[in-house]
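S.K.: Quick one: sequence plus predicted model below, questions after.
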Amino acid sequence: MKSLAFAAAVALLASPALAQDASNYVGIDEIIVTGSRAIEWDPDDIPVIQLERRADNLIVAVRVVNDTRDAPGRRDEITRTLRAMARAAAGRPDIDLSIEDDGTLVPLTEDMVSTLTLGMDPGRSDTSVASLVVKTPIREADTLDAASERIEDFVDGVAPVGRSLAEVIGDWQLSVVNPAQYRTPILAAISADARTTAAAFGEGYAVQVEGMSNRVTWRQSGPLELALFIPYDMTVVPAPETR
């Protein structure tokens, strides 16, 4: 189970409308930093100027399954388990429990549980499945172990009903809230570096910077750390003649 990707775990939600790709976006302003996205960037393509900061949240998928033989019993037991999880999350400021809906995470409340369409385990027709997303804010003193332990303690602390079983699946993911807010400090750092570079080559040279219209992007640089940057190219060119 641990090898499942986050997007695949989210796709276990039964409704086709809930099986959209949530591997990058969890909302308008919050974006998940996936390992696959980090791999897309060749080290040689990552610019020198990057803004290092901690991620805002740690996120992981949780699967709840139930294999009680009769369908009404399965739904009753898994629904009661999901309600217990929703109640437990509502009582904790350090845990958010959600479902994925068309690429956006929707907070799961106890009242919503009865409206969910449950999925089926692909290999077992008598096993019902529900997939959730659990998130915890990353604190200043957190390690990956400390932050992930909060989520694991939450999942382990909910008493499952009947033959229900809740388990963490997939990879731990980081998220950043509103990465566009870091555009101004990144631009300021690029500008300062450009001035320093131009000065190092002397009065006969200048620098040309391209790519400033690109959006802020990101990569994981540590267990809980991100590097945010704007993809750009800087070239040293002869200084333009002035009259």
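M.R.: Right, received. Where do you want to start? From a predicted model like this one, the values you see are computed outputs, not experimental measurements.

S.K.: Just the strands from the protein, written as ranges.
M.R.: 30-33, 51-54, 57-66, 96-101, 104-107, 119-121, 124-137, 164-177, 205-210, 217-220, 225-229, 233-238 (DSSP state E).

S.K.: is the residue minimising distance to the centre of the chain in a bridge, and if so with what?
M.R.: By CA atoms, centre = their mean, the chain has its centre lying nearest to Ile32, at 2.5 Å. Beta-bridge partners for Ile32, by DSSP bridges, are Ser175.

S.K.: isn't it right up against Leu174?
M.R.: Yes - look at Ile32 against Leu174 with CB atoms under 8 Å: they come within range, at 7.2 Å. All C-beta atoms are positioned from the backbone trio N, CA, C, and that covers glycine.

S.K.: Common neighbours of those two, please.
M.R.: The contact sets of Ile32 and Leu174 overlap at Ile59 (CB atoms under 8 Å, 6 or more residues apart in numbering).

S.K.: What count of nearby residues applies to Thr81?
M.R.: For Thr81, the count of nearby residues is 24 (other CB atoms under 10 Å).

S.K.: no, scratch that, I was asking about Met212
M.R.: By other CB under 10 Å, 12 other residues sit near Met212.

S.K.: Around the nearest residue to Tyr182 once chain neighbours are set aside, how many other residues sit close by?
M.R.: Using CB to CB, 6 or more residues apart in numbering and skipping residues adjacent in sequence, the residue nearest Tyr182 is Leu228, 5.0 Å away. Applying other CB under 10 Å, we find 22 residues neighbouring Leu228.

S.K.: swap in the one 5 residues further on?
M.R.: The local packing count at Asp233 equals 10, with neighbours defined by other CB under 10 Å.

S.K.: Look up the closest residue to it, ignoring the ones flanking it.
M.R.: Sequence neighbours aside, Glu210 is the residue nearest to Asp233 in space, at 4.9 Å (criterion: CB to CB, 6+ apart).

S.K.: Please give me every residue in contact with that neighbour.
M.R.: Contacts of Glu210 by CB under 8 Å, 6+ apart are 232-235.

S.K.: quick one: it and Ile230, what's the gap?
M.R.: Glu210 sits 11 Å away from Ile230, taking CB to CB, to the nearest Å as the criterion.

S.K.: quick one on the thing from earlier: return a PyMOL selection command for the buried portion of the contacts of Glu210.
M.R.: PyMOL command restricting the contacts of Glu210 to the buried ones, with burial defined by 16 or more other CB atoms under 10 Å:
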select buried, resi 232+234
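
S.K.: Redo the contacts of Glu210 as JSON lines? Include pLDDT and distance to Ser191.
M.R.: Shown next, in JSON lines, are the contacts of Glu210 (pLDDT from 0 to 100; distance: CB to CB, whole Å):
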{"residue": "Tyr232", "pLDDT": "94", "distance to Ser191": "11"}
{"residue": "Asp233", "pLDDT": "93", "distance to Ser191": "15"}
{"residue": "Met234", "pLDDT": "94", "distance to Ser191": "11"}
{"residue": "Thr235", "pLDDT": "94", "distance to Ser191": "15"}
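
S.K.: Could you find the closest non-adjacent residue to Ala84?
M.R.: Nearest residue to Ala84 in three dimensions, chain neighbours excluded: Val158, at 5.2 Å (CB to CB, 6+ apart).

S.K.: contacting residues for the one you found?
M.R.: Residues in contact with Val158 (CB under 8 Å, 6+ apart) are 81, 84-85, 88, 166.

S.K.: low-scoring pLDDT stretches of this structure, where are they?
M.R.: Regions of the chain meeting the criterion pLDDT under 70 cover residues 1-28, 35-44, 102-103, 242-243.

S.K.: can you list the domain ranges for it.
M.R.: As recorded under automatic domain parsing, the domains making up the chain are 6-40+55-177, 47-53+179-238.
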